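Undergrad: Build me a model from this:
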Amino acid sequence: MRLKKILNIAIVAMVFFGLALSFTPVFAGYNISIEAEGIALQGARDSIYEVKIKNLGSEKIDSAEVFITEIAGRPVTSDGDYKVANNPQTVTFLGEKGDRLIFPISIKKDVEPGIKDVKIKVIIGEESIEKTGTLRVEKNSSSAIITEDNPINVSLARKGTPNESMLLNVIIENPKSNVYDISNVSVELVGIATNPDYTDVREIPTHTGEEFKEYDFFSHPSNLPNTTKLEGKVISPGKSNKDIEIVVAASDELALGTYYPVFNVTFQTPEGLNTIEVKDPATINIEIVKVPWYKAPFRWFLDMLKNTVGFGSYGIAIIILGILLKVVLVPLTNVQFKSMKQNAEVQPLIKKINEKYPGKENAQKRQEETMKIYKEHNVNLFAGCLPLLVQMPIIIALYTAISNYAPFSFSSFLWIPSLGAPDPIWIMAILMGLSTWFQQRVSQMPGQESNMAMQVIFPLFLFYIALGFPTALTLYWVTFSVVSIAHQMVFNKKSFGSYILKVTKPTPAVVDSKK
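TA: Next comes the predicted model:
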């Protein structure tokens with residue numbers, strides 16, 4: 001009886017030991033656990049298959065390679081029913097907390113639904129172990145594919161005014177319910193309706209500048225495309241793209257109210273090329289509101305310049321406008337320059353005060369002596385800011401008036417196909433950055449320390465944002481900057497004897513090791 005009891009205990013111990021081996025592989029001193037599972041639809045691309053791996057033993061694992069070798073008894077190959085991306089993957093410094101690996105799995109659409117065994121191989125050094133996970137393949141349905149009843153998601157909310165050129169930023173979203181990536185997406189604006197029932201969708205014709213003047217609805221500028229393509233870009237299920245941009249011009253006679261665009265969206269899936277008409281009054285609309293009062297004077301003046309001294313060119317009119325505005329602001333700018341000169345002249349005295357009263361404990365005394373210097377030399381600290389405060393409303397009003405003026409979209413200038421769109425070869429953006437850099441340089445006064453970082457960062461920032469600016473705006477900015485540079489250099493020569501003044505480098509901070 002005692003022998004029988006011992007045998008029973010041994011059998012139970014062997015069963016538990018076998019179960020432990022089935023869940024926790026042990027080899028070469030390593031004790032790891034592996035969990036692997038995933039769900040995918042028939043025909044799905046890059047479905048998520050998750051593998052969790054942990055080191056439960058005391059032996060350190062610096063590196064391990066994890067492979068998916070078979071699915072449903074079939075080797076994973078580039079032309080098989082199952083394709084696995086990022087295979088294998090390397091895990092480093094594996095610990096008890098483990099690591100989570102994601103293997104994208106693509107499945108052919110004729111694979112039968114059901115539970116599929118997935119063989120996982122882990123290699124540590126010269127040792128390897130295999131583990132079986134599961135992949136549940138579910139039946140595909142029409143609701144998982146983009147159709148006209150289950151369309152691609154498109155959104156557009158734009159507010160504009162009559163006689164305005166509008167950049168329509170169309171957001172394309174691949175629904176989560178779709179099993180496919182979509183690629184080679186193109187969007188065409190085929191019409192705009194005047195009511196949310198779409199009973200009177202009007203086509204958007206392509207016009208020249210003269211034709212646009214005689215029209216009373218929306219137009220496509222003839223020098224700009226009415227279709228935008230996303231070449232080489234892929235949108236995965238649940239992801240969106242915001243790079244679609246289409247320019248339309250609203251007529252000066254366009255009635256105020258809300259309008260509803262209709263798009264044809266073409267895209268590629270593994271099943272072929274698809275084109276779907278998309279319209280949704282809730283997510284796709286353009287609201288036309290009244291032109292702000294401050295835009296009208298600038299636009300009238302631009303038209304007058306174009307039709308008189310501009311030889312019929314809006315490009316020349318913008319250059320003349322930039323020069324004239326600078327001339328008008330010369331008295332204010334001279335006040336600013338005078339303040340800058342006075343401030344530069346007292347900088348050596350200010351520097352001596354800073355040296356005489358260093359540290360936080362002398363801050364109040366240092367400030368009192370500094371203000372005394374300003375008072376003795378009639379330096380008005382606010383004189384340099386006042387001209388800027390007066391100019392800012394003018395510059396902002398001008399910016400809003402010319403940035404989206406519809407006639408610009410129908411006007412070319414030199415190499416620029418449309419003043420209403422960004423320069424396609426970046427020349428104006430480069431000139432904007434360079435002119436800003438040089439203007440900063442010539443504006444520095446003697447005694448001022450040169451901040452090299454800001455001299456580089458700010459022009460680069462303006463260059464970057466200018467890549468998306470209408471060329472009319474960058475042309476104005478460059479013109480105004482060049483005239484301002486000339487004005488500043490004349491002032492420098494008259495006041496200091498040199499067109500470009502020398503500036504000092506920042507003095508390195510001295511750290512007192514005794515403190």
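
Undergrad: residues near P237, how many?
TA: 20 (other CB atoms under 10 Å). For glycine as for every other residue, the C-beta is placed from the backbone atoms N, C-alpha and C.

Undergrad: From the structure, what's the count of residues near the nearest residue to it once chain neighbours are set aside?
TA: Spatial nearest neighbour of P237, excluding adjacent residues (CB to CB, 6 or more residues apart in numbering): N178 at 4.9 Å. For N178, the tally of surrounding residues (other CB under 10 Å) stands at 24.

Undergrad: Same question for F263.
TA: Neighbours of F263 under the rule other CB under 10 Å: 25.

Undergrad: In terms of helices and strands, where is it?
TA: Assigned by DSSP states H and E, F263 belongs to strand 257-269.

Undergrad: What's the first helix or strand after that strand?
TA: Once the chain leaves strand 257-269, the next helix or strand it forms, by DSSP H and E, is strand 272-278.

Undergrad: Can you report how many residues neighbour V482?
TA: By other CB under 10 Å, the residues close to V482 number 18.

Undergrad: typo on my end, it should be E368
TA: For E368, the count of nearby residues is 11 (other CB under 10 Å).

Undergrad: any idea which element it lies in?
TA: If you go by DSSP H and E, E368 is part of helix 363-376.

Undergrad: now do M166
TA: Going by DSSP H and E, M166 is part of strand 165-173.

Undergrad: what do you get for F461?
TA: Assigned by DSSP H and E, F461 falls within helix 452-466.

Undergrad: Quick one: mean pLDDT over that helix.
TA: Throughout helix 452-466, pLDDT has a mean value of 82.

Undergrad: relative orientation of whichever helix or strand comes after it and helix 452-466 in degrees?
TA: Using DSSP H and E, the helix or strand that follows helix 452-466 in sequence is helix 471-496. Helix 471-496 runs at 150 degrees relative to helix 452-466, counting by axes from the mean of the first three to the mean of the last three CA atoms, to 10 degrees.

Undergrad: And helix 471-496, what does it pack against?
TA: Judged by 3 or more CB pairs under 8 Å, 6 or more residues apart in numbering; DSSP states H and E, helix 471-496 is in contact with helix 314-328, helix 330-345, helix 386-403, helix 427-442.

Undergrad: Report the buried residues of the helix or strand just after the second one.
TA: Yep, that's helix 330-345 we're talking about. Tracing the chain past helix 330-345, the next element assigned as helix or strand by DSSP H and E is helix 347-356. Burial within helix 347-356, assessed by neighbour count using 16 or more other CB atoms under 10 Å, is assigned to 347, 349-350, 353.

Undergrad: residues near T474, how many?
TA: 28.

Undergrad: one step back: next, format the buried residues of helix 347-356 as JSON lines and append distance to Y399 and pLDDT.
TA: Listed next are those as JSON lines, based on distance: CB to CB, whole Å; pLDDT from 0 to 100:
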{"residue": "Q347", "distance to Y399": "34", "pLDDT": "71"}
{"residue": "L349", "distance to Y399": "40", "pLDDT": "76"}
{"residue": "I350", "distance to Y399": "36", "pLDDT": "73"}
{"residue": "I353", "distance to Y399": "41", "pLDDT": "75"}
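
Undergrad: Just the buried residues of the following helix or strand past the strand holding M166, please?
TA: Remark: after strand 165-173, the chain's next helix or strand is strand 182-193, criterion DSSP H and E. By 16+ other CB under 10 Å, the buried positions in strand 182-193 come out as 182-183, 185-193.

Undergrad: What of stretch 200-218?
TA: For stretch 200-218, a neighbour-count test (16+ other CB under 10 Å) marks 201, 204, 207, 209, 212, 217-218 as buried.

Undergrad: Out of these, give me the two with the largest separation.
TA: Farthest pair in the buried residues of stretch 200-218 (CB to CB) is V201 and G209. Separation: 25.4 Å.

Undergrad: Please identify which of the buried residues of helix 347-356 is nearest to R366.
TA: In terms of CB to CB, no member of the buried residues of helix 347-356 lies closer to R366 than I353, at 6.0 Å.

Undergrad: ok, R158 touching M166?
TA: Yes. With contact defined as CB atoms under 8 Å, R158 reaches M166; the gap is 5.8 Å.

Undergrad: Which one of these two is surrounded by more residues?
TA: M166 (21 against 17).

Undergrad: And the nearest residue to K239 once chain neighbours are set aside, how far from L189?
TA: Closest residue to K239 apart from its sequence neighbours, by CB to CB, 6+ apart: N174 at 5.8 Å. As judged by CB to CB, to the nearest Å, N174 and L189 stand 20 Å apart.

Undergrad: now swap in E253 and tell me
TA: Distance from E253 to L189, by CB to CB: 20 Å.

Undergrad: One more: F301?
TA: For F301, the distance to L189 (CB to CB) stands at 32 Å.

Undergrad: same question, D280
TA: For D280, the distance to L189 equals 14 Å [CB to CB].

Undergrad: try W437
TA: The spacing between W437 and L189, counted by CB to CB, is 39 Å.

Undergrad: Check K242 too.
TA: Computed as CB to CB, the K242 to L189 distance reads 16 Å.

Undergrad: Next: V234.
TA: 23 Å.

Undergrad: Repeat that for K493.
TA: To L189, K493 is 54 Å away according to CB to CB.

Undergrad: what angle do the helix holding E368 and helix 330-345 make?
TA: Going by the same axes, to 10 degrees, helix 363-376 is angled at 130 degrees with respect to helix 330-345.

Undergrad: buried ones in helix 363-376?
TA: By 16+ other CB under 10 Å, the buried positions in helix 363-376 come out as 366, 369-370, 374.

Undergrad: Find the pair from the residues you listed with maximum spatial separation.
TA: With CB to CB as the measure, no two of those lie farther apart than R366 and Y374, at 12.9 Å.

Undergrad: Show me where this protein dips below the pLDDT cut-off.
TA: The chain contains residues with pLDDT under 70 at 1-29, 45, 96, 140-151, 271, 378-388, 390-391, 445-454, 502-515.

Undergrad: Mind doing that once more with 50?
TA: Across the chain, residues meeting the criterion (pLDDT under 50) sit at 1-28, 142-143, 508-515.

Undergrad: Please list all residues in contact with G114.
TA: When contacts are counted by CB atoms under 8 Å, 6 or more residues apart in numbering, G114 touches 136-137.
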